[in-house]
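>>> output the structure for:
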Amino acid sequence: MPNIVIVGAGTAGLTAGIYALKSGFDVTICESHTGPGGNCTSWRRKGYLFEGGMHWLNGSGDGKSFNRLWREVGAINDATRIIYTDPFLVCDNEGRRISFYRDIAKFETHLYETAPEDTAAIRELCRDMRRFARIFIPIMDIPWLKVKEKHPIRLGDLCGMIPALSRMVSLRSITAEDYAGRFRNPALRLLLSNVVGSGYDAMSLFFILGCYVSGDGGYLEGGSLVMAGNMEKRFTGLGGKIRYGSRVDQVLVSGGRATGVSVRGETISADAVIVTADTLAVADTLFDKPLSDPWVKAMRQGTELTMNAFLCYGFEADLSELPETAVFALDKPFDCAGMPIKSLGFHNYARYAGYAPAGCSAVTVTLSNGDTYAYWKRAKEKGEYEDRKRELSDTVLSRLEERYPMLKGKAAVRDTATPLTYERYCGTYHGSWMTRTAPGQRRAAYPRKVKGMNNVYFAGQRVMPPGGMPPALLSGRIAAQYLCRDFGMVFVSS
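Numbers count the residues shown, from 1 in each chain. Just a heads-up that it's a prediction; the model follows:
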């Protein structure tokens, strides 16, 4: 069997490895961290579990295009419990409240009742949500590939996307915030501005809204740790090997062909290498010379980074009466890494078993406010990093306590992750989670190979902007298909 080494045990690496094993390859994954998942990650602190990688999943719903793939790689199985929080999001602004219900008819009625001043705009919003609820990403095989199983796409499903396709051009030309500005109701504006990160185009907003109301976008019980663990079990159950604590120093290439990788001076021989670590992070460091293909240069120049400050709180209080996901406008805005924060959102896991001690609750806050890497890097170099993190945690906690007085004095555990944290533990470029798709920006799908370097393949969220878990999954599958085609093997999916 051809011997394959994969760099990284995140979603893309595990996916590529699972499909490669099914197709007859011998596979070893080298992972720098101590466990699987990459950006699909969570962590425990003093009895609390903080979900750091997944808040909803495209493909959780039965019959959805990605559901088959998640099942093929073992992330979802018949025993998996999917949680569909409803309302998914609650927004408060200027004394007004809007709740985002997954039932589109219920949501539309709720909007007409709570925001009658926006009746015409609401009608258009809900019409477009219904259109985008029929959008799906077709799962296709690469050309000239031998496959064991074929999964043809139904013509009716493709035709169902036509109404949404006609709206994409206009929605791609404006930001989600610009679209939200069409509404007079302050709570509805806040909701539509917070579904996607700052600066994303309005088409990204409708992809997510459509996903929610289509019966998709649920949360796997146990979250990131369970999902990554499920994939790890599938991989090792097929005979795959994972070497944790094994950061790859270099991909070895001789005579224009991959020969293996170097890990702490040890050479691991291979017939092919799949690199699933962040392409931007390794393009200049993992090879004998920095990668210079035009597509790599385009990625360096055209990628707009999405990064977060992620704040975790363990409260000695039962917060099950609070919304699971909420956003509220701030009476007193504040700065985070030099960027203004005018509203605050949180995820509340009080209703989830195992996330906190009895009678307690785990809460997380994500601040996505532009490229803050330089700010945190400078603080680290000046010896002020821990102080800046503590100040930010104090500020956010004070705003939460002002909004919800029952929290005052109840924070028993606190933890703060910055872009430097994700850079250190996940290996992402500048600690960036995803790639921002700004208005007018083309959604590039980068090549999986570099000219003059045979049997080296690239996968991961960076090669399929905007990234996230489904693109990581799909990119790993595609990398395995290129591998099969080049080696003359039959691609096996189930």
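
>>> low-confidence regions, this structure specifically.
Of all residues in the chain, those with pLDDT under 70 make up the ranges 369.

>>> neighbours around Glu266, how many?
Residues lying near Glu266 (other C-beta atoms under 10 Å) number 11. The way it works is simple: take the backbone N, C-alpha and C, and place the C-beta from them, glycine included.

>>> beta partners for it?
Val263 (DSSP bridges).

>>> flag every buried residue along the helix or strand hosting Glu177.
Applying DSSP states H and E as the criterion places Glu177 in helix 176-180. Across helix 176-180, burial judged by 16 or more other C-beta atoms under 10 Å covers Ala176, Glu177, Tyr179, Ala180.

>>> got the domain ranges for this structure?
Following automatic domain parsing, one finds the domains of the chain at 3-43+58-78+220-304+437-487, 95-138+153-214, 305-431.

>>> SS state for the closest residue to Leu367 other than its chain neighbours?
Distances taken as C-beta to C-beta, 6 or more residues apart in numbering place Ala309 nearest to Leu367, at 4.4 Å, with adjacent residues excluded. State at Ala309, reduced to three classes by DSSP: H, G, I helix; E, B strand; the rest coil: strand.

>>> picking up where we left off before, so for Val147, which of the domains of the chain sits nearest?
domain 3-43+58-78+220-304+437-487 (8.4 Å; C-beta to C-beta).

>>> and the end-to-end length of that closest one?
11 Å (C-alpha to C-alpha, to the nearest Å).

>>> tell me which element Arg123 is part of?
helix 119-132.

>>> output the contacting helices and strands for that helix.
Applying 3 or more C-beta pairs under 8 Å, 6 or more residues apart in numbering; DSSP states H and E, one finds that helix 119-132 contacts helix 104-114, helix 162-172, helix 202-213.

>>> still on that earlier bit, among the domains of the chain, which is nearest Lys146?
domain 3-43+58-78+220-304+437-487 (7.2 Å).

>>> surely Ala187 touches Glu94?
Yes. Using C-beta atoms under 8 Å, Ala187 makes contact with Glu94 at a distance of 7.4 Å.

>>> neighbour count for the two, which is higher?
Each of Ala187 and Glu94 has its neighbours counted (other C-beta under 10 Å); Ala187 has more, 23 against 10.

>>> chain center to stretch 472-488, what's the gap?
Offset of stretch 472-488 from its chain centre (C-alpha atoms, centre = their mean, to the nearest Å): 21 Å.

>>> whoops, I mixed them up, stretch 385-392
Going by C-alpha atoms, centre = their mean, the spacing between the C-alpha centre of stretch 385-392 and its chain's C-alpha centre is 26 Å.

>>> how about that stretch: buried residues?
Buried residues in stretch 385-392 (16+ other C-beta under 10 Å): Tyr385, Arg388, Lys389, Leu392.

>>> restricting to C-alpha, output the helix or strand harbouring the last one in CSV.
If I follow you right, that is Leu392. Take DSSP H and E as the rule and Leu392 turns out to sit in helix 385-403. Provided in CSV are the C-alpha atoms of helix 385-403 (Å, rounded to 0.1, in the frame of the first residue of the first chain):
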residue,chain,number,x,y,z
TYR,A,385,0.0,40.5,27.5
GLU,A,386,-1.5,39.0,30.6
ASP,A,387,-2.5,42.5,31.9
ARG,A,388,-4.3,43.3,28.6
LYS,A,389,-6.2,40.0,28.7
ARG,A,390,-7.2,40.6,32.3
GLU,A,391,-8.4,44.1,31.6
LEU,A,392,-10.5,42.8,28.7
SER,A,393,-12.0,40.0,30.8
ASP,A,394,-12.9,42.5,33.5
THR,A,395,-14.5,44.9,31.1
VAL,A,396,-16.7,42.2,29.4
LEU,A,397,-17.6,40.7,32.8
SER,A,398,-18.7,44.1,34.1
ARG,A,399,-21.0,44.6,31.0
LEU,A,400,-22.5,41.2,31.5
GLU,A,401,-23.2,42.0,35.2
GLU,A,402,-24.8,45.3,34.3
ARG,A,403,-27.1,43.6,31.9
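
>>> might you report the residue contacts of the residue lying closest to Leu89 once chain neighbours are set aside?
What sits nearest to Leu89 in space, not counting adjacent residues and going by C-beta to C-beta, 6+ apart, is Phe100, at 4.3 Å. Applying C-beta atoms under 8 Å, 6 or more residues apart in numbering to Phe100 gives the contacts Pro87, Phe88, Leu89, Val90, Cys91, Phe107, Leu191, Tyr212.
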